[in-house]
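Trainee: My questions concern the predicted model and sequence given below.
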Amino acid sequence: MERQNFSHVCAASVLSLGADHAFAARDAQPRHYARARLLDDGGQPLRASRLAVGENYV
């Protein structure tokens with residue numbers, strides 16, 4: 001019986017922590033950003049055809 005009570009307390013704690021984040025996100029407003037152009041080292045726009053597969057660029 002003691003083990004079962006511990007499980008219930010743990011589950012209730014996890015649920016209460018998750019509920020706080022859900023309520024905080026409810027009031028969030030979207031942010032709108034201006035468009036950005038990705039440039040290479042020479043200042044030219046990046047083209048998808050020139051990107052290597054599996055390479056990280058950020």
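Mentor: Structure's in. What do you need?
Trainee: Now do the helices in this protein.
Mentor: 2-26 (DSSP state H).
Trainee: quick one: low-confidence parts of it?
Mentor: 1, 16-25 (pLDDT under 70).
Trainee: swap the cut-off to 90 and go again
Mentor: 1-30, 38, 40-41, 46, 50-51, 57-58 (pLDDT under 90).
Trainee: and R50, how many neighbours?
Mentor: R50 has 9 neighbouring residues, counting by other CB atoms under 10 Å. C-betas here are computed from N, CA, C, even on glycine.
Trainee: For it, give its distance to L39.
Mentor: Per CB to CB, to the nearest Å, R50 is found 12 Å from L39.
Trainee: And V58, by the same measure?
Mentor: 13 Å.
Trainee: Would you agree L39 is in contact with P45?
Mentor: Yes: in this structure L39 lies within contact range of P45 using CB atoms under 8 Å: 6.2 Å.
Trainee: Tell me which of V58 and L39 has more neighbours.
Mentor: Between V58 and L39, counting by other CB under 10 Å, L39 is the more crowded of the two (10 against 3).
Trainee: Spit out the contact partners of that one.
Mentor: If you count contacts by CB atoms under 8 Å, 6 or more residues apart in numbering, L39 has them with P45, L46.
Trainee: now do Y57
Mentor: L46, L51.
Trainee: 10 Å instead?
Mentor: L38, D40, L46, L51 (CB atoms under 10 Å, 6 or more residues apart in numbering).
Trainee: Can you lay out those residues as CSV showing neighbour count?
Mentor: Formatted as CSV, those follow (neighbours: other CB atoms under 10 Å):
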residue, neighbour count
L38, 10
D40, 11
L46, 12
L51, 11
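Trainee: a markdown table for those, including distance to A11?
Mentor: Converted to a markdown table, the contacts of Y57 look like this (distance: CB to CB, whole Å):
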| residue | distance to A11 |
| --- | --- |
| L38 | 46 |
| D40 | 52 |
| L46 | 48 |
| L51 | 46 |
